[in-house]
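J.: below: sequence and its predicted model.
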Amino acid sequence: MQCAISGQTPETPVVSKKSGHVYEKRLIVKYIDAEGKCPATGEELTADDLLDVRSEGAVKPRPAEAASIPGLFLSCRCGAVHDNEWDDLMLETHTLKQHLNQTRQELSQSLYQNDAACRVIARLHRERDEALAQVQAQRTVLAQAQAAAPAAAAAVEEMQTEDDGEEGISPAAHAQMQAKWKELSKKRKKRAMPDDLASQETVSAWGEVSRNTLHKTSPKGITCLDLHPSKPNLVLTGGVDKTAIVFDRDTQAQVATLSGHTKRITDACFHPTRELLLTSSADKTARVWQAQAEGDGGGYKAAHVLDDHDGEVVGATVHATGDFMATASKDKSWAFYDINRGRLLKHVKNDEYSEGYNCVRFHPDGLILGTGTGDALVRIWDMKQAANVANFKGHEGGVNALAFSENGYYMASAGEDGYARLWDLRKLTNFDNLTIGDGAAHSVAFDFSGSYLAAGGKKCTKVFAVKTWGELATYGGYGGSVTGVKFGKSASFLATSSMDRTLRFYGTA
């Protein structure tokens, strides 16, 4: 037995009823008189809580401790004075040990708190840098626009601005677009990744879950694809057969067929907030389709036919406000419309361009417009001035498709050279090129979170992880070019369309 205070074998051992610790009676009594509690547990303790430990007397051998300085002092002590000094020394030593342990615990807690504070500061710095990067992306584009203003003004004079019914972009429309840009920029800074976003491991393990054959067999082919923004079961496709089809993937049935164009459909999309559809066609027109009530026969009816282009209309895209849209054409022009009235607001054309446009897309914030051309350029337009403020060179053939990431500063383009090229709008540079297989790349799309990129090429589709740009999956087996790729909500699935008339869905079976 050893005393819990001195660590020595007690001469008069006692045990605490409450804690079971053994003490030298003389030491514990003095401690109780001074502190009134147990030195080991800190509980309240009195002399009545101590029990004497009875043991047979025996001649104790000379302990090893007798060779130590405390042992020598103990063996040489005599009288009550030395006893008191020894006892006081042991009590003080015990108290110092307790204080040392407490100080160590407080120091450990302070170190943990400091580490946690450093982590919070690092996270705040990272979030600040990301927010500054997003702001810089917009400032770079606007700065380019301001720097190019004099030259743009001269260029605009050379452009043939179609006067046939053009109203111009009013100050009210500019103010509306500017307000929407501020609103979306603020939301983007606060937006977190969705909790149910598919992981890279999940996306890598996707397989084909369904396949449907749409549109007529002659002439055959699906030319474009879009998913409903709030009803993920609805899919919109455009075909070589001059029609657009709304398909319900849950019921595996066609909901509506939109007829009216006289040549193949080149692009089709859902309106982000209203029951409207947009289509463009090789017949030189674009159409706005309004959903009809069941009492009116259901389906969709052409609300506006936009016929301001002189060549094939290659694309239609909705502005972030939902009140405007843009089209682009092989006639080297793009047009900006009031979607509610079907009125032309701006028509920008330049006959000096060597090739017309192949595709068109608005930036998610709406202040810039991207167009892909047949002469391997991506032209960026400032909507405030309708001026060409930047050109991206890199493709070795026509640019077939464009996509902007919701992070605001990444853009992807798909070209005839078989690459999906990645561009940083902050630095106006091409920072990576992804091979999409043999032949041309026809389609490209980011998921809404900006975490994944899909691209369609000649008879294959590839999915990549954003930032690392590593390939996660490749899907083959197509009988024609992949003309459309779209991610479902939270990257829960991928939809593709092809010239072999198939609409395919990839996900977790």
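T.: Structure's in. What do you need?
J.: so residue 242 makes contact with residue 282?
T.: No - if you go by CB atoms under 8 Å, residue 242 and residue 282 don't touch, sitting 9.0 Å apart. C-betas here are computed from N, CA, C, even on glycine.
J.: find residues that contact each of the two.
T.: By the contact definition CB atoms under 8 Å, 6 or more residues apart in numbering, residue 242 and residue 282 are jointly contacted by 263, 264.
J.: and the residue minimising distance to the centre of the chain, helix, strand or coil?
T.: Nearest to the mean C-alpha position of the chain, counting by CA atoms, centre = their mean, stands residue 449 at 3.7 Å. Following DSSP: H, G, I helix; E, B strand; the rest coil, we place residue 449 in the coil state.
J.: check residue 402 too.
T.: Using three-state DSSP, the three-state assignment for residue 402 comes out as strand.
J.: ok, it - contacts?
T.: Listed by CB under 8 Å, 6+ apart, the contact set of residue 402 reads 359, 360, 361, 370, 371, 372, 378, 411, 412, 413, 414, 444.
J.: which residues of the stretch 101-250 of the chain fall in helices?
T.: Assigned by DSSP state H, counting those that start in this stretch, the helices in the stretch 101-250 of the chain fall at 149-158, 171-190, 200-204.
J.: tell me which of these sits nearest to residue 333.
T.: Closest to residue 333 of the helices of the stretch 101-250 of the chain, according to CB to CB: helix 149-158, at 13.0 Å.
J.: mean confidence score for that closest one?
T.: Averaged across helix 149-158, pLDDT comes to 52.
J.: likewise stretch 475-493?
T.: Rounded mean pLDDT across stretch 475-493 is 96.
J.: ok, now how distant is residue 190 from residue 393?
T.: Residue 190 sits 35 Å away from residue 393, going by CB to CB, to the nearest Å.
J.: which one's more surrounded, these two?
T.: Using other CB atoms under 10 Å as the criterion, residue 190 and residue 393 rank with residue 393 on top: 10 against 7.
J.: that one and residue 373 touch, don't they?
T.: No - the criterion here is CB under 8 Å, and residue 393 misses it with residue 373 at 10.7 Å.
J.: low-confidence regions, the stretch 1-150 of the chain specifically.
T.: The model of the stretch 1-150 of the chain has pLDDT under 70 over residues 56-84, 144-150.
J.: and stretch 259-279, what's buried?
T.: For stretch 259-279, burial by neighbour count (16 or more other CB atoms under 10 Å) applies to 260-261, 264-271, 276-279.
J.: from the chain's centre, how far out does stretch 234-246 sit?
T.: How far stretch 234-246 lies from its chain's middle: 30 Å, per CA atoms, centre = their mean, to the nearest Å.
J.: how long is it from one end to the other?
T.: 7 Å (CA to CA, to the nearest Å).
J.: hang on, the earlier thing: from the contacts of residue 402, which is closest to residue 349?
T.: Nearest to residue 349, judged by CB to CB, of those is residue 371 at 12.0 Å.
J.: which parts of the stretch 251-400 of the chain are strands?
T.: All strands of the stretch 251-400 of the chain, identified by DSSP state E, counting those that start in this stretch, fall at 253-258, 265-270, 276-281, 286-291, 300-306, 313-318, 324-329, 333-338, 343-349, 357-362, 368-373, 377-382, 387-393, 399-404.
J.: TSV for these, including distance to residue 224 and mean pLDDT?
T.: Output for these, formatted as TSV (distance: least, CB to CB, whole Å; pLDDT from 0 to 100):
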stretch	distance to residue 224	mean pLDDT
strand 253-258	13	94
strand 265-270	5	98
strand 276-281	9	97
strand 286-291	13	96
strand 300-306	16	95
strand 313-318	9	98
strand 324-329	14	98
strand 333-338	18	97
strand 343-349	23	95
strand 357-362	10	97
strand 368-373	14	97
strand 377-382	19	96
strand 387-393	23	94
strand 399-404	10	98
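J.: tell me which of those strands lies nearest to residue 120.
T.: Nearest to residue 120 among the strands of the stretch 251-400 of the chain is strand 399-404; the distance by CB to CB comes to 32.5 Å.
J.: same list (the helices of the stretch 101-250 of the chain) but as a markdown table, adding distance to residue 127.
T.: Below are the helices of the stretch 101-250 of the chain laid out as a markdown table (distance: least, CB to CB, whole Å):
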| stretch | distance to residue 127 |
| --- | --- |
| helix 149-158 | 34 |
| helix 171-190 | 9 |
| helix 200-204 | 22 |
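J.: which one of the ones you listed lies nearest to residue 467?
T.: helix 200-204 (10.8 Å).
J.: what's that closest one packed up against?
T.: Judged by 3 or more CB pairs under 8 Å, 6 or more residues apart in numbering; DSSP states H and E, helix 200-204 is in contact with strand 461-465, strand 471-475.
J.: just name the most buried of those.
T.: The highest average neighbour count among these, using mean count of other CB atoms under 10 Å, belongs to strand 461-465 at a mean of 22.
J.: returning to what we had before: turn the helices and strands packed on helix 200-204 into CSV, including distance to residue 500.
T.: CSV is the format used below for those (distance: least, CB to CB, whole Å):
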stretch, distance to residue 500
strand 461-465, 13
strand 471-475, 13
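J.: so for residue 401, which of the ones you listed sits nearest?
T.: strand 461-465 (12.9 Å).
J.: the closest one pairs with which strands, and in what direction?
T.: strand 452-456 (antiparallel), strand 471-475 (antiparallel) (DSSP bridges).
J.: which other residues reach the last one?
T.: Strand 471-475 is touched from outside by 200, 203-204, 206, 208, 434, 452, 460-465, 496, 504, 506, with contacts defined as CB under 8 Å, 6+ apart.
J.: just the CA atoms of it, as PDB, please.
T.: Backbone C-alpha positions of strand 471-475 (Å, rounded to 0.1, in the frame of the first residue of the first chain) are rendered in PDB as follows:
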ATOM      1  CA  GLU A 471     -12.200  11.600 -66.900                       C
ATOM      2  CA  LEU A 472     -14.900   9.900 -64.700                       C
ATOM      3  CA  ALA A 473     -16.800   7.900 -67.400                       C
ATOM      4  CA  THR A 474     -17.100   7.200 -71.100                       C
ATOM      5  CA  TYR A 475     -20.300   5.900 -72.700                       C
END
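J.: after it, next one along is what?
T.: strand 482-487 (DSSP states H and E).
J.: which strands or helices does that following strand pack on?
T.: strand 222-227, strand 443-446, strand 452-456, strand 493-498.
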